[in-house]
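# Give me a 3D structure for the following:
(2 chains)
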Protein chains: 2
Amino acid sequence: MKKAICLLSGGLDSATTLYYAKHQGYQVSCLIFDYGQRHNKEILCAKKIARHAGCDYKVVRIALSWQGSSLLDKTMAIPQHQKINPHEIPTTYVPARNIIFLSFAASYAEAVGAQNIFIGANAIDYSGYPDCRPEFFKAYQKTLERGLKTGVGGQPIKISTPLIQKTKAQIIRLGLKLKVPYDLTWSCYQGEKIPCGTCDSCRLRQKGFEDVGAKDPALKI
Amino acid sequence: MKKAICLLSGGLDSATTLYYAKHQGYQVSCLIFDYGQRHNKEILCAKKIARHAGCDYKVVRIALSWQGSSLLDKTMAIPQHQKINPHEIPTTYVPARNIIFLSFAASYAEAVGAQNIFIGANAIDYSGYPDCRPEFFKAYQKTLERGLKTGVGGQPIKISTPLIQKTKAQIIRLGLKLKVPYDLTWSCYQGEKIPCGTCDSCRLRQKGFEDVGAKDPALKI
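Residues are numbered from 1 along each chain as shown, chains lettered A, B, ... in the order given. Purely as a prediction, here's the structure:
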């Protein structure tokens, strides 16, 4: 059975990506990052999703002790009700986050003989992070081909971004078809009991469910 | 004063690179990685070198729990007396090591406003690791330009590899001129009291000092 690594954040996109990878016939191992987020709710959700999908997972703990993002630094405010402008990078941007996550995924993939790394990045209904765009993944792919043993003498490890050009509504439609347990997913940047409904992430999610005409099962928790 | 990050392993190459960056007028912050090496001697050496250079440093702890390298796994043997063949990657190769190290350096550099990342990689007298070759760094440079905020809207962070095309002897000659404290550096893959003298790293170092006609001050410890 072909093997893959899937980055799992606990959110809607990565959960959909995991179910997509499974549907494509991969035996998937999940990587979950504990990188000093404001709350660990999304980590708990990621673990539940991996278990629900019947996949093994590893939690990688990394300390980004230099901060510089409102997603890490509790003294900074999370932007609320802000107009989402893909040409302006919000304070929730974490420097090099996907560069770091993919570096661990590449190491893990090569160590266990996985051919693919799945990541649920999206460049349509997104917050404008540069490390979510197709041109970034294209460059990273080249880096893996040149920097890994498998890239030099074997089958290069492929970064797969199945959601990259999908709208949030298209992602949700795909996920509903694949029976993704959206009730287990957590998208809100805050870690309260219920999603705040006003941060970028909540609003992109809400709009997606509205466009599909479905109810967000996470709101029932 | 222009800022830079320097990856510091405790070995000869990275120490030379640090002193080179300082000589170029950079205010350098060092990044030292505790990634589950067989021994922590090189970490202690790296700290001493940073202090000797008058630079601040951070130690980043990462757990590569998937192993797959004789540098991490004490049940695997370190190759001794082996013919160094740049076309064959030895078991000391750690999957994606420089990809991971540079990802943290990129995050740190962007968070503190550093324009350069210095890394002492070398593709001449080296062990054949793919992530030490110029084409790898070229691809990674592109990844940073496309994945970082500074790459999209500002001054891209540059990866500097001043030793990449130098022989070990040329590196040592440069280092002696820059007064690098080679007595504080540690190159041996083993963590014994004195260098083993037979691993790839020891032999490349020995040959370098021989070619220069200098004594290795680390051997006096």
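# residue boundaries of the strands in chain A?
A:3-7, A:27-34, A:56-61, A:116-118, A:158-160 (DSSP state E).
# can I get the ones you listed in a markdown table with mean pLDDT and mean neighbour count?
Any C-beta I mention is one placed from the backbone N, CA and C, and that applies to glycine too. Converted to a markdown table, the strands of chain A look like this (pLDDT from 0 to 100; neighbours: other Cβ atoms under 10 Å in any protein chain shown):
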| stretch | mean pLDDT | mean neighbour count |
| --- | --- | --- |
| strand A:3-7 | 98 | 25 |
| strand A:27-34 | 96 | 21 |
| strand A:56-61 | 94 | 16 |
| strand A:116-118 | 98 | 25 |
| strand A:158-160 | 98 | 19 |
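# Of all the ones you listed, which one is nearest B:Leu31?
strand A:56-61 (17.4 Å; Cβ to Cβ).
# list the helices and strands that closest one packs on?
strand A:27-34, helix A:41-52 (3 or more Cβ pairs under 8 Å, 6 or more residues apart in numbering or on different chains; DSSP states H and E).
# related to what we said a few turns ago, out of the strands of chain A, which gets nearest to B:Gly151?
Nearest of the strands of chain A (Cβ to Cβ): strand A:158-160, 18.0 Å.
# count of neighbours near A:Cys132?
24 (other Cβ atoms under 10 Å in any protein chain shown).
# List the contacts of the closest residue to it other than its chain neighbours.
In space, and not counting its chain neighbours, A:Cys132 is closest to A:Ala121: 4.4 Å by Cβ to Cβ, 6 or more residues apart in numbering or on different chains. A:Ala121 makes contacts with A:13, A:98, A:131-132, A:137, A:161, A:163-164, as judged by Cβ atoms under 8 Å, 6 or more residues apart in numbering or on different chains.
# give me that answer again for 10 Å
A:7, A:13-14, A:17, A:98, A:101-102, A:129, A:131-134, A:136-137, A:159, A:161-164 (Cβ atoms under 10 Å, 6 or more residues apart in numbering or on different chains).
# Where does pLDDT dip in chain A?
For chain A, applying pLDDT under 70 flags the ranges A:81-87, A:220-221.
# mind running it again at 80?
A:38, A:64-88, A:126-127, A:153, A:220-221 (pLDDT under 80).
# And the helices in it, which stretches?
Secondary structure of chain A (DSSP state H): helices at A:12-23, A:41-52, A:97-112, A:134-147, A:149-153, A:168-177, A:200-212.
# buried stuff in the fifth one?
Going by neighbour count (16 or more other Cβ atoms under 10 Å in any protein chain shown), the buried part of helix A:149-153 is A:149-152.
# which other helices and strands contact that helix?
helix A:97-112, helix A:134-147, helix B:134-147 (3 or more Cβ pairs under 10 Å, 6 or more residues apart in numbering or on different chains; DSSP states H and E).
# Does the longest one reach chain B?
Yes: between helix A:97-112 and chain B, judged by Cβ under 10 Å from any Cβ of the partner chain, the touching residues are A:97-112.
# right, so of the helices and strands packed on strand A:56-61, which gets closest to B:Gly25?
strand A:27-34 (36.2 Å).
# Tell me the helices and strands packed up against the closest one.
Packed next to strand A:27-34, using 3+ Cβ pairs under 10 Å, 6+ apart, are strand A:3-7, helix A:12-23, helix A:41-52, strand A:56-61, helix A:97-112, strand A:116-118.
# Report the backbone C-alpha coordinates of it in PDB.
Extracted as PDB, the C-alpha positions of strand A:27-34 are listed here (Å, rounded to 0.1, in the frame of the first residue of the first chain):
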ATOM      1  CA  GLN A  27      -1.900   4.500   4.100                       C
ATOM      2  CA  VAL A  28      -1.600   7.800   5.900                       C
ATOM      3  CA  SER A  29       0.500   8.800   8.900                       C
ATOM      4  CA  CYS A  30      -0.500  12.200  10.400                       C
ATOM      5  CA  LEU A  31       1.800  14.900  11.700                       C
ATOM      6  CA  ILE A  32       0.400  17.200  14.300                       C
ATOM      7  CA  PHE A  33       2.400  20.300  15.400                       C
ATOM      8  CA  ASP A  34       2.400  21.700  18.900                       C
END
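# Show the backbone phi and psi for the residue nearest to A:Cys132.
phi -70, psi 150 (degrees, to the nearest 10).
# re earlier: give me the PyMOL select line for the contacts of A:Ala121, limited to the buried ones.
This is how PyMOL selects the buried members of the contacts of A:Ala121, with burial counted by 16+ other Cβ under 10 Å:
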select buried, chain A and resi 7+13+14+17+98+101+102+129+131+132+133+136+137+159+161+162+163+164
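# these two touch, right, A:Asn116 and A:Lys158?
Yes: with contact defined as Cβ atoms under 10 Å, A:Asn116 and A:Lys158 form a contacting pair (5.1 Å).
# Can you name the residues that contact A:Asp13?
Applying Cβ under 10 Å, 6+ apart, the residues contacting A:Asp13 are A:119-122, A:125-126, A:132, A:162-163, A:166, A:168, A:171-172, A:175, A:185, A:187, A:201, A:204-205, A:208.
# hmm, try it at 7 Å
Shown in contact with A:Asp13 (Cβ atoms under 7 Å, 6 or more residues apart in numbering or on different chains): A:120, A:122, A:163, A:171.
# Contact residues of chain A facing chain B?
Within chain A, the positions adjacent to chain B are A:58, A:61-68, A:89, A:93, A:95-96, A:98-100, A:103-104, A:106-108, A:110-112, A:130-131, A:135-136, A:139-140, A:142-143, A:146-149, A:151-152 by Cβ under 7 Å from any Cβ of the partner chain.
# Spatially, what comes nearest to the residue sitting furthest away from the middle of chain A if we skip its sequence neighbours?
In chain A, the residue that sits farthest from the middle, by Cα atoms, centre = their mean, is A:Gly153; the gap is 29.6 Å. In this structure, A:Gly153 finds its nearest non-sequential neighbour in B:Ile89, 7.5 Å apart by Cβ to Cβ, 6+ apart.
# Can you say which of the helices and strands packed on helix A:149-153 is packed in most?
helix A:97-112 (a mean of 24; mean count of other Cβ atoms under 10 Å in any protein chain shown).
# and it, what does it pack onto?
strand A:3-7, strand A:27-34, strand A:116-118, helix B:97-112, helix B:134-147 (3 or more Cβ pairs under 7 Å, 6 or more residues apart in numbering or on different chains; DSSP states H and E).
# Using TSV, lay out those together with distance to B:Ala77.
Below are the helices and strands packed on helix A:97-112 laid out as TSV (distance: least, Cβ to Cβ, whole Å):
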stretch	distance to B:Ala77
strand A:3-7	27
strand A:27-34	28
strand A:116-118	30
helix B:97-112	19
helix B:134-147	27
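# how about these, which one is nearest B:Gln37?
Of these, nearest to B:Gln37 by Cβ to Cβ is helix B:97-112, at 10.5 Å.
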